[in-house]
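[1] Prediction below, plus the sequence it came from.
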Amino acid sequence: MAATPDQSTAATSRRKAGRHRGEGQWAVGHFTPLNGNEQFKKDDDGLNVRTRIETIYSKAGFDSIDPNDLRGRMRWWGLYTQRKPGIDGGKTAILEPEELDDEFFMLRVRIDGGRLTTEQLRVIGEVSQEFARGTADITDRQNVQYHWIRIEDVPEIWNRLEAVGLSTTEACGDTPRVVLGSPVAGIAEDEIIDGTPAIDEISRRIIGNKDFSNLPRKFKSAISGSPLLDVAHEINDIAFVGVNHPEHGPGFDLWVGGGLSTNPKIGVRLGAWVPLDEVPEVYTGVISIFRDYGYRRLRTRARLKFLVADWGAEKFRRILEDEYLGGRKLVDGPAPEQPVQQWRDHVGVHRQQDGRFYVGFAPRVGRVDGTLLTKIAELAEDHGSGRLRTTVEQKMIVLDVEESKVASLVEGLEALDLRVSPSPFRRGTMACTGIEFCKLAIVETKARGASLIDELERRMPEFDQPITININGCPNACARIQVADIGLKGQLVLDDNGNQVEGFQVHLGGALGLEAGFGRKVRGLKVTSAELPDYVERVLGRFQKEREEGERFATWAARASEEALS
């Protein structure tokens, strides 16, 4: 493993420690912090803030919190300050952080692999009702997010979550974030390989380990052995994708350097096949490269994707093998096959390997609440074995349902407005947190997405093609706008009367899995929030009229005229 700042002084001397030219890479001796974030991480590890939360801040209140903890280290424990109510999107980039901060927090519960028990979900629901004003959102990274959290309540929330095996450790911050996993790992009939043991071992080795708690930026991970490619592997920092090697059998294809935000990049294959028992070691090697060689000078270039883009796949693999795997060469392997279907969310009723069934259902844009989650837990307990899953599409799944109980479960879910056979619009629309709570947002998203679903279902009841509509409140792409059929990036636009109002820049024809790529931007195409249902109805109507047999929206959008897309 390469040196860190606290290791051998001889090594740091050889590498001219303290020199801060270049990109701020530790592995070439650039240890001097080059921005405020790097300084507060050097001053104190983010993991240490938990003690101050428990012993000082939760007792003395919000005003006692050190600013570097408030807007920095507390993220290492899943806490972000939320947006103060009443601040419009035009002020997002103008006001100072303390002017945007409310005295309440968003708290993120990490759910590695999307795996939950009914006991855990019930506790999540109870915490929501008691401490979060009923809020709970299912994210597109398989987590659950609360809002309205008081610092005084955080220790008790931790106690309750941890009592059932849940955690907020490193759910945010410059850390190894939640490890995404196939929500049907170990149960799907068509699974290539079950990555669950690797997720468990990575969590044991890495999460909460101070060797990896000071990364240049966030580190996003995914492991799936599903042929549906159901964890958005193309846009993670590291991803292990199930493949069958012609000689060695089932294993994983290794991808690195994916990510979206304002500089989107599709991950690259290293051409390496990794057996299940070596996944944790390879993961550790890649995250160590990021820690040691990652760019720390500028926050805007601190993601792994920039290092991968500069090095290329061949050099990255060589450094991984030579410096972090002890010179051991990885086995060359095949690329994953393209999935046979566009939907990758596991919604609907599906047979498991053991003859039982799993049932996937769709809330509206991931928005649920504590009461609803408690009812879902009760239904899952009555109809299944006590196991549930969250997905990367803001959906949920009940596992292990006997055939005789499927109809009753579906009926119960539908009665809660949780659709097992949703319209394409309910199934394919995602939204980020938006201006309601997020300090980075410019426009509202969740309510806009829910109303858009209702309008499209009313206006286009016969529309039956797979379609993804991703709504984001700012340019940071938490809702994956660049890889949606219709991606909507929130910004302020001018209406017909010249007034500045909430609206969206439109991206069209992005995709993951099926010829992954980024959406097309039509010159000058912006839509006000009020005009959004009219616009989407219009462009989908043209798609229906012009599409060739079997053609999906992304393919049509790539060839359509600008007039057809406007």
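    That came in fine, so what should we check first? In this text, all values refer to a predicted model and were calculated from it rather than measured experimentally.
[2] so what's the backbone phi/psi at residue 488?
    Per-residue torsions, residue 488: phi -120, psi 110 (degrees, to the nearest 10).
[3] So what's the residue count around it?
    Residue 488 has 30 neighbouring residues, counting by other C-beta atoms under 10 Å. C-beta: built from backbone N, CA, C; applies to glycine.
[4] ok, now which ones touch the nearest residue to it once chain neighbours are set aside?
    The shortest distance from residue 488 to any non-neighbouring residue, by C-beta to C-beta, 6 or more residues apart in numbering, is to residue 504 (4.0 Å). By C-beta atoms under 8 Å, 6 or more residues apart in numbering, the residues touching residue 504 are 443, 471, 488, 489, 490, 491, 493, 526, 527, 529, 532.
[5] I'd guess residue 504 is in a strand, am I close?
    Yes: counting by DSSP: H, G, I helix; E, B strand; the rest coil, residue 504 is found in a strand.
[6] That one and residue 474: what is the separation?
    Distance of residue 504 to residue 474, given as C-beta to C-beta, to the nearest Å: 11 Å.
[7] repeat for residue 236
    21 Å.
[8] State the phi and psi torsions of the spatially most central residue of the chain.
    Nearest to the geometric centre of the chain sits residue 141, at 3.2 Å (C-alpha atoms, centre = their mean). Main-chain torsions, residue 141, degrees, to the nearest 10: phi -120, psi 30.
[9] repeat for the one 5 residues further on
    Residue 146 adopts backbone torsions of phi -100, psi 160, taken as degrees, to the nearest 10.
[10] still on that earlier bit, from the contacts of residue 504, which is closest to residue 310?
    Nearest to residue 310 out of these is residue 489 (C-beta to C-beta; 26.5 Å).
[11] Now the phi/psi pair for the closest one, please.
    Residue 489 adopts backbone torsions of phi -100, psi 120, taken as degrees, to the nearest 10.
[12] Can you spell out which residues form a bridge with the residue nearest to residue 488?
    residue 490, residue 527 (DSSP bridges).
[13] Next one: it from residue 56, what distance?
    In terms of C-beta to C-beta, residue 504 sits 43 Å off from residue 56.
[14] Can you give me the distance of residue 54 to residue 48?
    To residue 48, residue 54 is 11 Å away according to C-beta to C-beta.
[15] before we move on, what about residue 297?
    Separation of residue 297 from residue 48 (C-beta to C-beta): 25 Å.
[16] quick one, which of these two is more surrounded?
    residue 297 (19 against 13).
[17] Counting neighbours, what do you get for the residue nearest to that one when sequence neighbours are not counted?
    Nearest residue to residue 297, sequence neighbours excluded (C-beta to C-beta, 6+ apart): residue 24, at 3.8 Å. A count of nearby residues for residue 24, using other C-beta under 10 Å, gives 22.
[18] Does residue 24 touch residue 34 like I think?
    Yes: in this structure, residue 24 is within contact of residue 34 by C-beta atoms under 8 Å, at 4.7 Å.
[19] Now the common contact residues for the two.
    296, 297.
[20] How many residues are close by residue 193?
    For residue 193, using other C-beta under 10 Å, the count is 23.
[21] Check what pLDDT it gets.
    In this model, residue 193 is scored at 98, pLDDT.
[22] quick one: contacts for it?
    Residue 193 sits next to 225, 242, 250, 251, 252, 276 when contact means C-beta under 8 Å, 6+ apart.
[23] most surrounded residue in these?
    Ranked by neighbour count (other C-beta under 10 Å), the contacts of residue 193 have residue 252 at the top, with 29 neighbours.
[24] Residue 333 versus that one, what's the distance?
    Separation of residue 252 from residue 333 (C-beta to C-beta) stands at 8 Å.
[25] what's the answer for residue 292, then?
    Distance, residue 292 to residue 333, by C-beta to C-beta: 26 Å.
[26] Same check on residue 344?
    Distance from residue 344 to residue 333, by C-beta to C-beta: 22 Å.
[27] next one: residue 216
    29 Å.
[28] Comparing these two, which residue is more hemmed in?
    Neighbours were counted for residue 216 and for residue 333 using other C-beta under 10 Å; residue 216 has more, 29 against 23.
[29] So that one, which state does it fall into?
    Residue 216 ends up coil, using three-state DSSP.
[30] Low-confidence stretches in the protein?
    Applying pLDDT under 70 to the chain flags the ranges 1-21, 514.
[31] Now do the helices in the stretch 51-200 of the chain.
    Taking DSSP state H, counting those that start in this stretch, the helices of the stretch 51-200 of the chain run over residues 58-60, 67-70, 97-100, 118-131, 154-163, 196-206.
[32] Residue 454: how many residues sit nearby?
    Residue 454, neighbours per other C-beta under 10 Å, totals 14.
[33] how close does it sit to residue 531?
    Per C-beta to C-beta, residue 454 is found 16 Å from residue 531.
[34] Now for residue 459: which residues touch it?
    Listed by C-beta under 8 Å, 6+ apart, the contact partners of residue 459 are 533, 537.
[35] Could you do residue 67 as well?
    Residue 67 is in contact with residue 98, counting by C-beta under 8 Å, 6+ apart.
[36] any idea how far residue 59 is from it?
    From residue 67 to residue 59 the distance is 19 Å (C-beta to C-beta).
[37] how close does residue 179 sit to residue 185?
    Residue 179 is 11 Å from residue 185, by C-beta to C-beta.
[38] So the two - more neighbours on which side?
    residue 179 (29 against 25).
[39] List the contacts of that one.
    Residue 179 makes contact with 112, 113, 199, 202, 203, 221, 222, 223 under the criterion C-beta under 8 Å, 6+ apart.
[40] The third one - how many residues pack around it?
    Residue 199 is flanked by 28 other residues according to other C-beta under 10 Å.
[41] Check the last one too.
    Other residues lying near residue 223 total 31 when counted by other C-beta under 10 Å.
[42] Verify the stated contact: it with residue 229.
    No: taking C-beta under 8 Å as the definition, residue 223 is not a contact partner of residue 229, at 11.9 Å.
[43] hmm, back to that, got any residues that touch both of residue 252 and residue 333?
    Common contacts of residue 252 and residue 333 (C-beta under 8 Å, 6+ apart): 243, 273, 274.
[44] Just send the residues you listed back as TSV, with neighbour count, secondary structure and distance to residue 417 too.
    Listed next are the shared contacts of residue 252 and residue 333 as TSV, based on neighbours: other C-beta atoms under 10 Å; DSSP: H, G, I helix; E, B strand; the rest coil; distance: C-beta to C-beta, whole Å:
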residue	neighbour count	secondary structure	distance to residue 417
243	23	strand	39
273	23	strand	44
274	24	strand	42
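[45] Specify which member of the residues you listed is nearest to residue 152.
    Nearest member of these to residue 152, counting by C-beta to C-beta, is residue 274, at 45.4 Å.
[46] residues near residue 327, how many?
    The tally of other residues near residue 327 (other C-beta under 10 Å) stands at 8.
[47] Next one: it from residue 321, what distance?
    Residue 327 sits 7 Å away from residue 321, going by C-beta to C-beta.
[48] ok, now residue 50?
    To residue 321, residue 50 is 36 Å away according to C-beta to C-beta.
[49] what about stretch 53-61, start to end distance?
    10 Å (C-alpha to C-alpha, to the nearest Å).
[50] Distance from that stretch to the middle of the chain?
    How far stretch 53-61 lies from its chain's middle: 30 Å, per C-alpha atoms, centre = their mean, to the nearest Å.
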